[in-house]
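Novice: Whatever this is, show me its structure:
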Amino acid sequence: MKFTKLLTVFCIGLGGAALAHGGVKNEAVMARMNLMTEIKEAMAVLGEMAKGKTPFDAQQANRASAALASHAAKMPALFETPASDPKSEARPDIWLDWPDFVAKASDMEKAATGLDTQSLDRLRAGIGALGGSCSACHKIYRIEK
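Specialist: Presented below is the predicted three-dimensional model:
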């Protein structure tokens, strides 16, 4: 049940991201926001399966997990250059503790790569670590709006 609560909080937190995209003028910030939306969508696929809201589909879960690993690998490059926009939810702390931010992106990539999507029980067993990697970064590096 802990993973369900963590995943729910994560999805709610990202739910407003789509609304925040309107009016973004900085292209670098928009690229980061688009990546986060793609992460939200892939997490939603896994979360809906894990919660039993959609039928388990190993191939779809595997694609979502692979997408998350790919997205996590892209994060450092998209955030490397400090960029701001009034709509940005990135805290300046990202660039003040860059090695930690990169480590957290790597943790997410490892959690996504290591997620076992062969069965619903295995997905449920591993999704908490994946959601935890997202939450660990958001607690420090995301502005709550």
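Novice: going forward, measure contacts between C-alpha atoms and count neighbours the same way
Specialist: Noted.
Novice: three-state assignment of Leu35?
Specialist: helix (DSSP: H, G, I helix; E, B strand; the rest coil).
Novice: From the structure, what's the count of residues near it?
Specialist: 18 (other CA atoms under 10 Å).
Novice: got the contact list for Pro76?
Specialist: By CA atoms under 8 Å, 6 or more residues apart in numbering, the contact list for Pro76 reads Phe101, Val102, Ala105.
Novice: ok, of those, which one's closest to Met33?
Specialist: Closest approach to Met33 among the contacts of Pro76 (CA to CA): Ala105, at 15.1 Å.
Novice: what does stretch 45-65 contact?
Specialist: Counting by CA under 8 Å, 6+ apart, stretch 45-65 makes contact with 4, 7, 42-43, 112-113, 115, 117-120, 123-124, 127, all of which sit outside it.
Novice: Endpoint to endpoint, it covers what distance?
Specialist: Start-to-end span of stretch 45-65 (CA to CA, to the nearest Å) is 9 Å.
Novice: avg pLDDT for that stretch?
Specialist: Model confidence over stretch 45-65, given as mean pLDDT, is 97.
Novice: Enumerate the positions of it that are buried.
Specialist: Neighbour counts over stretch 45-65 (16 or more other CA atoms under 10 Å) mark 45-51, 56, 58, 61-62, 64-65 as buried.
Novice: Name the nearest of those relative to Ser133.
Specialist: Nearest to Ser133 among the buried residues of stretch 45-65: Ser65, at 13.5 Å, using CA to CA.
Novice: May I see the contacts of Pro76 organised as JSON lines, with neighbour count added?
Specialist: Shown next, in JSON lines, are these (neighbours: other CA atoms under 10 Å):
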{"residue": "Phe101", "neighbour count": "22"}
{"residue": "Val102", "neighbour count": "20"}
{"residue": "Ala105", "neighbour count": "23"}
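Novice: Most neighbours among the contacts of stretch 45-65, which one?
Specialist: Ala112 (28 neighbours).
Novice: So it: helix, strand or coil?
Specialist: Here Ala112 is helix, with the state taken from three-state DSSP.
Novice: what's the neighbour count on Tyr22?
Specialist: If you look again at residue 22, you'll see it is Gly, not Tyr. Count around Gly22 with other CA under 10 Å applied: 10.
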